[in-house]
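1. Task: produce atomic coordinates for the following.
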Amino acid sequence: MHDFQFWPTLITIAVVFGILQGTAGFLVYVERKVCAYMQNRIGPNRVGPYGLLQVLADVLKFLFKEETLPKKADKVLFLLAPVLAFSTALLSFAVVPFGATEPAPLPPTPPAAMMQSATPLEKQQQAAIETEYQKKVQEYRSTYQFVIAPNIDIGILFIFGISSLAVYGVILGGWSSNNKYSLVGALRASAQIISYEIPLGLSILGVLLITGSLNLERIIWNQAEQGFFGWNVFIQPVAFLLFMTSAFAECNRLPFDLPESEQELIGGYHTEYNAFKLAFFLLAEYVHMITTSFLMVILFFGGWHFPIIAGPETGWFLKLIVFAGKVTFFILFYMLIRWTIPRFRFDQLMALAWKVLIPLALANLVMVMIVKEMTWPEWVLLPASLAAVVVAGAFALNAPPRPRVAPRGD
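-> Next comes the predicted model:
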């Protein structure tokens, strides 16, 4: 629908990726400040005013550190792993709307048989509809869309396909290091990421069924047209909780940072990495956190829409501010959770994915399918979702305790 324009697209890519990398670096400073606030400390306050130049100091530290390679490592894969992790994190942002967007107009598609037997008046009316559609197309093409690749009808599928490749960077980094701790960290990371991709994908199927599209701009527009209570979080709260929990695990954030838990693995899959190679892994984690924050806002919280402040007819600047405010809230929420909930054991981590999240995601999907098939109002999903959570909680509380295994030697 959009005509490809080389220079505007190139400028958008440079600006978005530049801001994305700068924001990812600055979030390290923000996380230190949030950590200090949670623990009643001051945080960075030496380098520059209020410690704001601490990010620059970190960059210089990574830049001037000696680049080392383990003697028996697979050097090609060892260097490829951080690049693969970082590039997939950036590439998945290509179809994510970051401001004021609107979906392309849908073309009128009358049945061919009806047009063959149509009267002259019906043909004239159809011609008028086609003319109006062409006007809408021209207006859409002349409006800048705040997304690198606008109107991608498989947008969410593209994000899932690209982001799932990040696990290869983790596996290659651990295996190529020729370090047992790194290998164990890579195996744990791959098991965690692959397991939590299942509830992550299942949780959004209900949203896609309600919207009827994989296009992220159309998902935002569908919520904006229905107003505040049309946001998907009010229709499918369980789907949002499943998506958010799985996103924490996909980003290796606490309480799901098992791949790099220092107590058992001294650093996990990137134990042997230092300097800018390590920085690429860390930046990929923060970029992934930003991307999932955008997805939570887009899929469940109306994107740029906000009652009274930003609606379909509002200018792009207010929509951009609203979008940024919502994403900032979720990024800060990531950081607050890190210093609130302790880390799971690995068996608890896997049990949560396979015994809790996946069954709940399937139940939520079945409820959405029933509501769509029976043409019931969508608000029915809210009490149904809450009832499913209550039932699942009752089963968990009444489940028989697991037998304790006696240690060896007893």
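2. lowest average confidence, helix or strand, in this structure?
-> helix 112-116 (a mean of 55; mean pLDDT, DSSP states H and E).
3. Sort out which residues of the next helix or strand after that helix are buried, please.
-> Next along the chain after helix 112-116, taking DSSP states H and E as the criterion, comes helix 120-141. Within helix 120-141, the residues that count as buried by 16 or more other Cβ atoms under 10 Å are residue 140. No exception for glycine: its C-beta is placed from N, CA and C like everyone else's.
4. what helices or strands is helix 120-141 leaning on?
-> helix 112-116 (3 or more Cβ pairs under 8 Å, 6 or more residues apart in numbering; DSSP states H and E).
5. now the most centrally placed residue in the chain, nearest residue through space, not along the chain?
-> By Cα atoms, centre = their mean, the chain has its centre lying nearest to residue 292, at 2.0 Å. Distance criterion Cβ to Cβ, 6 or more residues apart in numbering; nearest residue to residue 292, sequence neighbours excluded, is residue 247 at 4.1 Å.
6. show me what contacts the one you found?
-> Contacts here follow Cβ atoms under 8 Å, 6 or more residues apart in numbering; on that basis residue 247 touches 200, 292, 295, 296.
7. again, only this time at 10 Å
-> Contacts for residue 247 (Cβ atoms under 10 Å, 6 or more residues apart in numbering) come out as 196, 200, 203, 253, 256, 288-289, 291-293, 295-296, 330, 334.
8. quick one: which of these is nearest to residue 16?
-> Nearest to residue 16 among those: residue 291, at 11.6 Å, using Cβ to Cβ.
9. dump the residue contacts of the closest one.
-> 20, 89-90, 92-93, 96, 159, 162-163, 247, 250-251, 327.
10. Make TSV out of these and add pLDDT and distance to residue 83.
-> Compiled in TSV, the contacts of residue 291 are given as follows (pLDDT from 0 to 100; distance: Cβ to Cβ, whole Å):
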residue	pLDDT	distance to residue 83
20	91	16
89	89	11
90	90	11
92	89	15
93	90	16
96	93	21
159	93	20
162	91	15
163	88	16
247	94	23
250	89	20
251	88	19
327	96	26
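11. Show me the shaky parts of the stretch 51-200 of the chain.
-> For the stretch 51-200 of the chain, the stretches with pLDDT under 70 are 109-118.
12. Strands along that one, start to end?
-> With strands called from DSSP state E, counting those that start in this stretch, the stretch 51-200 of the chain shows none.
13. show me where it has helices.
-> Using DSSP state H, counting those that start in this stretch, the helices found in the stretch 51-200 of the chain span residues 54-64, 75-91, 112-116, 120-141, 155-163, 166-176, 180-211.
14. which strands and helices sit next to the first one?
-> Taking 3 or more Cβ pairs under 10 Å, 6 or more residues apart in numbering; DSSP states H and E as the contact definition, the neighbouring helices and strands of helix 54-64 are helix 6-38, helix 275-300.
15. Buried residues, stretch 342-360. List them.
-> Buried-residue list, stretch 342-360, by 16+ other Cβ under 10 Å: 344, 349, 350, 352, 353, 356, 357, 358, 360.
16. same deal with stretch 166-185?
-> For stretch 166-185, by 16+ other Cβ under 10 Å, it's 166-177, 179, 181-185.
17. Just the terminal-to-terminal distance for that stretch.
-> End-to-end distance of stretch 166-185 (Cα to Cα, to the nearest Å): 15 Å.
18. quick check, distance from it to the centre of its chain.
-> 24 Å (Cα atoms, centre = their mean, to the nearest Å).
19. Make 656 the starting number, not 1.
-> Right, with 656 as the first residue, what we last looked at is stretch 821-840.
20. that older thread, run the angle between the host helix or strand of the residue nearest to residue 947 and helix 835-866 for me.
-> In this assignment (DSSP H and E), residue 902 forms part of helix 892-905. Orientation of helix 892-905 against helix 835-866 (axes from the mean of the first three to the mean of the last three Cα atoms, to 10 degrees) gives an angle of 160 degrees.
21. Need the CA coordinates for helix 892-905. CSV is fine.
-> Extracted as CSV, the C-alpha positions of helix 892-905 are listed here (Å, rounded to 0.1, in the frame of the first residue of the first chain):
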residue,chain,number,x,y,z
PRO,A,892,-6.9,-9.7,31.2
VAL,A,893,-5.7,-13.3,31.5
ALA,A,894,-4.1,-13.1,28.0
PHE,A,895,-2.3,-9.9,29.1
LEU,A,896,-0.9,-11.6,32.3
LEU,A,897,0.2,-14.6,30.3
PHE,A,898,1.9,-12.4,27.7
MET,A,899,3.6,-10.2,30.3
THR,A,900,4.9,-13.2,32.3
SER,A,901,6.2,-14.9,29.2
ALA,A,902,7.8,-11.7,28.1
PHE,A,903,9.7,-11.5,31.4
ALA,A,904,11.1,-15.0,30.8
GLU,A,905,11.9,-14.3,27.1
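22. what angle do that helix and helix 821-831 make?
-> Using the same axes, to 10 degrees, the inter-axis angle of helix 892-905 relative to helix 821-831 is 30 degrees.
23. now helix 892-905 against helix 810-818, angle please.
-> 20 degrees.
24. now the helices of the stretch 706-855 of the chain as TSV including distance to residue 700?
-> As requested, the helices of the stretch 706-855 of the chain are arranged in TSV below (distance: least, Cβ to Cβ, whole Å):
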stretch	distance to residue 700
helix 709-719	9
helix 730-746	30
helix 767-771	71
helix 775-796	49
helix 810-818	36
helix 821-831	34
helix 835-866	33
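25. Now do the same for residue 1056: helix, strand or coil?
-> Secondary structure for residue 1056, judged by DSSP: H, G, I helix; E, B strand; the rest coil, is coil.
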